[in-house]
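Undergrad: Need coordinates for the following:
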Amino acid sequence: MANIPDDGLKRIHWAVSPAGSEELKARYDLWARHYDADLTEIENYTAPAKAANAAARYLRPDARTLDAACGTGLSGAALHDKGFTNLVGLDFSPAMLEQARRKGIYRELVTGDLSKSLEFPDDAFQAVTIVGESIHLPVECYREFVRIVQPGGYIVYCGSDERAKERGLWKLCETLEREGRLKFVESGEPFRPLPVSEPDLTFVTVVHLVT
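TA: Numbers count the residues shown, from 1 in each chain. Predicted coordinates:
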């Protein structure tokens, strides 16, 4: 594995480029201490706030919410700023989770891989948020999200619409809707989450109700 780049823009490109799961984990472990500065100072990364705004429209502040692929806790911090107090963070990178722990906003932090079954019981949460993970998201994790979210709870996705289509996420959601397990609620306006490093990349915020 190559050493982490010294330049922030190069670090972003390096971290999000395609790789296997073990390589990605190693990259994110190395990126963890630079992550917040790279995304907030270079990019003015607004995806966490977009997701938190959507979550706040549908959820009580005390809703037990899983921040899936929480990274260093930027998305959790945005939820916390909206008054959310019952947050659980999940990520595959121990170094990212250590940065999240230092923010002091999570009730619990769990090491876990979205490409595998999640070690939570059925109906464990009232919501799941997944922010910015469309680049590497294994779409079948949505079946796990539906399993661990109580009926009447929500899944809030903030990521690339194009990549979600390419990877079959929206087709899976349509299948889950036909199965009576999921219902589309809203899709926000597209926006550019990484205008400096990825100017052509657009994100949307999509909310589904678990039924």
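Undergrad: Name the residues of the helix ranked longest in the chain that are buried.
TA: Among the elements of the chain assigned as helix by DSSP state H, the one spanning the most residues is helix 21-37. Within helix 21-37, the residues that qualify as buried by neighbour count (16 or more other C-beta atoms under 10 Å) are 24, 25, 26, 27, 28, 29, 30, 31, 32, 34, 35, 36. C-betas here are computed from N, CA, C, even on glycine.
Undergrad: May I ask which of these comes out lowest in pLDDT?
TA: The member of those with the lowest pLDDT is residue 24, and it reads 79.
Undergrad: burial of the nearest residue to that one once chain neighbours are set aside, as a residue count?
TA: In space, not counting the residues next to it along the chain, residue 24 is nearest to residue 136; the distance is 6.1 Å by C-beta to C-beta, 6 or more residues apart in numbering. A total of 19 residues lie near residue 136 under the criterion other C-beta atoms under 10 Å.
Undergrad: Could I get the buried residue list for the longest strand anywhere in the chain?
TA: Counting residues, the longest strand in the chain under DSSP state E turns out to be strand 149-160. With burial defined by 16+ other C-beta under 10 Å, the residues of strand 149-160 counted as buried are 149, 153, 154, 155, 156, 157, 158, 159, 160.
Undergrad: quick one: the closest residue to the fifth one other than its chain neighbours from residue 193, how far?
TA: Nearest residue to residue 156 in three dimensions, chain neighbours excluded: residue 129, at 4.5 Å (C-beta to C-beta, 6+ apart). Using C-beta to C-beta, to the nearest Å, we find residue 129 at a distance of 15 Å from residue 193.
Undergrad: do the same with residue 160
TA: Taking C-beta to C-beta as the criterion, residue 160 is separated from residue 193 by 9 Å.
Undergrad: what does residue 143 give?
TA: Following C-beta to C-beta, the distance that separates residue 143 from residue 193 is 26 Å.
Undergrad: Which one of those two is surrounded by more residues?
TA: residue 193 (24 against 16).
Undergrad: Fine, thanks again, bye for now.
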